[in-house]
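Chemist: Have a look; sequence and predicted model below, questions after that.
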Amino acid sequence: MADAVTNRISVVEGDITQQHVDAIVNAANTTLLGSGGVDGAIHRAAGPDLLEECRALGGCQTGEAKITKGYRLPARYVVHTVGPVWNGGRKGEDELLASCYRKSLELAESQEVKTIAFPAISTGAYGFPLARAILIAVKTVTEHLTRSPSITQAVFVCHNDRAFRMYLDALAEVAGEPANAPGKREREAGDADRDRGDAYAAIREQIDGQLKMIEAVHGIRIVNCDALADTLARAAGDRTQASRATAALNSWVVINNIRGEIEIPDDMIARILEQTTKK
Ligand code: ADP
């Protein structure tokens, strides 16, 4: 079960306003009338009609969520949620932050949203410690997706490399992945072979899911998708390396503004493999 859910979650580096998903989540404030950070970026990209619709909503309480249309955004909807301001951690911040993710997902599902992108709520101006916020985000979304099948992809969008690694660590922790599973050396050689086969299948499934997500998010088609997934799955030693591989590919797609059908060139695959296996 945890494996199947992991395949419905991905992490990308980039700008949430550019995500081609059904809904993006906005880290708003209680007025819902726009501010800086990701909120400002979303209002700028969506255009003035978004503010107009927000005015009519009468604000939003911390830990709650409200939904509007996406206007000029590629996303059809914006889910506005208000994260807690960090106050030392004893004012219910963790629970309020978890509530933002839960309520956003519930509201999105009520509009038949299948794909949704989240920023790292509360980790900018609101000062929530990044690693703690990311772990809450990943745990809450994983728990929700485990219970509810309707969202097919939840994407965590991060603005910097540090956050990106924290998401991968949090995903590995939540999936219960031991960095180096102990006890293997005591098993029979046949068991080890079977384990290797199982590990390949799990990593391959993860990579297939993430490549599909990259195709959906950017509206592209990777012509050599199957061969690429196979090469990456053989090279990646674990889920973290597999995520690093698809993240490197995602960055390449963004930076090169890839559109339409694309065959990922061999020299790029070689570069991805270098990144993937780097310690
Ligand atoms: P909050 O007030 O909830 O802390 P902020 O907008 O200040 O919200 O920051 C939330 C997170 O969103 C931060 O980690 C910030 O780096 C990130 N962020 C800012 N702009 C964007 C963007 N365009 N796309 C994705 N993430 C963004």
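Modeler: Looks like it arrived, so ask away. For clarity, every value in this text was computed on a predicted model and none was experimentally measured.
Chemist: contacts and neighbour counts: CA atoms only from here.
Modeler: OK.
Chemist: For the longest helix seen in the chain, name the packing helices and strands.
Modeler: With DSSP state H setting the assignment, residue counts place helix 189-218 as the longest helix in the chain. In terms of contacts (3 or more CA pairs under 8 Å, 6 or more residues apart in numbering; DSSP states H and E), helix 189-218 is packed against strand 220-222, helix 225-235, helix 239-255.
Chemist: List the buried residues for the longest one?
Modeler: Of the residues in helix 239-255, those buried under the neighbour-count criterion (16 or more other CA atoms under 10 Å) are 239-250, 253.
Chemist: Can you lay out the residues you listed as CSV showing distance to residue 54 and pLDDT?
Modeler: Written out in CSV, the entries for the buried residues of helix 239-255 read as follows (distance: CA to CA, whole Å; pLDDT from 0 to 100):
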residue, distance to residue 54, pLDDT
239, 40, 78
240, 39, 78
241, 41, 83
242, 40, 84
243, 36, 80
244, 37, 81
245, 39, 85
246, 36, 85
247, 34, 80
248, 36, 82
249, 36, 87
250, 32, 82
253, 33, 84
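Chemist: for stretch 263-279, the distance to its chain's centre please.
Modeler: For stretch 263-279, the gap between its own C-alpha mean and the chain's C-alpha mean amounts to 21 Å (CA atoms, centre = their mean, to the nearest Å).
Chemist: Same question for stretch 242-253.
Modeler: Offset of stretch 242-253 from its chain centre (CA atoms, centre = their mean): 13 Å.
Chemist: now what about that stretch, what contacts it?
Modeler: Judged by CA atoms under 8 Å, 6 or more residues apart in numbering, the contacts made with stretch 242-253 from elsewhere in the structure are 11-13, 168, 203, 206-207, 210-211, 214, 232-233, 236, 272-273, 275-276.
Chemist: swap the cut-off to 7 Å and go again
Modeler: Residues from elsewhere that reach stretch 242-253, judged by CA atoms under 7 Å, 6 or more residues apart in numbering: 12-13, 203, 207, 210-211, 214, 232-233, 236, 272-273, 275-276.
Chemist: Check stretch 162-180 too.
Modeler: Contact partners of stretch 162-180, identified using CA under 7 Å, 6+ apart, comprise 2, 11, 13, 131, 134-135, 138-139, 158, 240.
Chemist: Just the buried subset of those residues, please.
Modeler: So, by 16+ other CA under 10 Å, the buried ones in the contacts of stretch 162-180 are 11, 13, 131, 134-135, 138-139, 158, 240.
Chemist: now, which of those residues lie close to the ligand?
Modeler: Filtering the buried ones among the contacts of stretch 162-180 for neighbours of the ligand using CA under 6 Å from any ligand atom leaves residue 158.
Chemist: Run through the residues of the stretch 151-279 of the chain sitting next to the ligand.
Modeler: Listed as neighbours of the ligand in the stretch 151-279 of the chain under the rule CA under 6 Å from any ligand atom: 157-159.
Chemist: let's see 8 Å
Modeler: Taking CA under 8 Å from any ligand atom, the part of the stretch 151-279 of the chain that reaches the ligand is made up of 157-160, 163.
Chemist: Inside strands: which ones of those residues?
Modeler: With strands defined by DSSP state E, the entries of these inside them are 157-158.
Chemist: And the residues of the stretch 151-279 of the chain next to the ligand, which is the shakiest by pLDDT?
Modeler: In terms of pLDDT, the weakest of those is residue 160, which scores 78.
Chemist: Quick one: residues contacting residue 59.
Modeler: Counting by CA under 7 Å, 6+ apart, residue 59 touches 30-32.
Chemist: And those residues, which is closest to residue 124?
Modeler: Proximity of the contacts of residue 59 to residue 124 was ranked by CA to CA; the top entry is residue 30 with 15.6 Å.
Chemist: ok, the nearest residue to that closest one once chain neighbours are set aside - contacts?
Modeler: Among residues not flanking residue 30 along the chain, residue 60 sits closest, at 4.9 Å (CA to CA, 6 or more residues apart in numbering). Contacts here follow CA under 7 Å, 6+ apart; on that basis residue 60 touches 30-32, 82.
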